[in-house]
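[1] whatever this is, show me its structure:
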Amino acid sequence: MIQELKILNEKRAEIYWWLSSLFIKELSEQDITHYHSAEIRTFLSGLADEESLADDVRSLIDALNRLQDRQDAQLELAADFCDLFLKSDRDSALPYASVYTDKGLLNGKPAQQMRELLAAHEVKVDQNLNEPADHLAIQLDFLAHLVISTNQLEQNSEVNAALQVQSDFISQHLLTWLPVFVERCTQFDTFGLYAAVARLALAFVKQDQGFLDELKTNIEP
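    A predicted model of the protein is given here:
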């Protein structure tokens, strides 16, 4: 069971790191070319095999397909990213927990809580990333670290405790604001690629929490 979990954890962490990468910076020309490759399409098809993710994966694939016909695709997609995630106005979807859970202010209590969690788990954030700690990309990256660090544990009791930490993080630090963030992405992202990514992130987080809760009951202490 533990060995199977380690393989699953590698896949879970990979997905969280991938989602994190999409929220942290604009896609380059090279990135976009890679998203049209067979490797990425195979990866996305694998995600679509999960019923709870299928619709959102299809939306993302549709946006990627339309991107191939979009004039100045990289520049236009970068503008989408900027308008959605970097502008602090009413027509954006800022990717910070504090905006949705702390009176709409940046760098609020959720950011402080994230700084404490990062320090407690000795997870380093890229110093070139000049963002508050409650940025969605940082939260997803942190969760990936929690997932992969579980593979260093051998005792069932330790593994169960680690799974509980992951489940608690999802419920206390992601699901408290992700649904509203996704609504705003869907409302303001006209082209729809980042809205699809946001919906997929929420769907995967929800599915993963269900997986964690089920798994905890199947690992004997």
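
[2] quick one, helices of this structure?
    2-24, 29-35, 38-48, 51-67, 73-81, 97-101, 109-120, 136-149, 156-169, 178-188, 193-218 (DSSP state H).

[3] which residues of the protein score low on pLDDT?
    Filtered on pLDDT under 70, the chain yields the residue ranges 1, 220-221.

[4] hmm, back to that, save the helices of the chain as a markdown table, and put in mean neighbour count too.
    The way it works is simple: take the backbone N, C-alpha and C, and place the C-beta from them, glycine included. Formatted as a markdown table, the helices of the chain follow (neighbours: other CB atoms under 10 Å):
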| stretch | mean neighbour count |
| --- | --- |
| helix 2-24 | 17 |
| helix 29-35 | 14 |
| helix 38-48 | 14 |
| helix 51-67 | 16 |
| helix 73-81 | 16 |
| helix 97-101 | 22 |
| helix 109-120 | 16 |
| helix 136-149 | 22 |
| helix 156-169 | 17 |
| helix 178-188 | 17 |
| helix 193-218 | 19 |
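
[5] kindly reformat the ones you listed as JSON lines containing distance to Arg90.
    Shown next, in JSON lines, are these (distance: least, CB to CB, whole Å):
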{"stretch": "helix 2-24", "distance to Arg90": "20"}
{"stretch": "helix 29-35", "distance to Arg90": "29"}
{"stretch": "helix 38-48", "distance to Arg90": "32"}
{"stretch": "helix 51-67", "distance to Arg90": "24"}
{"stretch": "helix 73-81", "distance to Arg90": "17"}
{"stretch": "helix 97-101", "distance to Arg90": "12"}
{"stretch": "helix 109-120", "distance to Arg90": "21"}
{"stretch": "helix 136-149", "distance to Arg90": "19"}
{"stretch": "helix 156-169", "distance to Arg90": "30"}
{"stretch": "helix 178-188", "distance to Arg90": "9"}
{"stretch": "helix 193-218", "distance to Arg90": "17"}
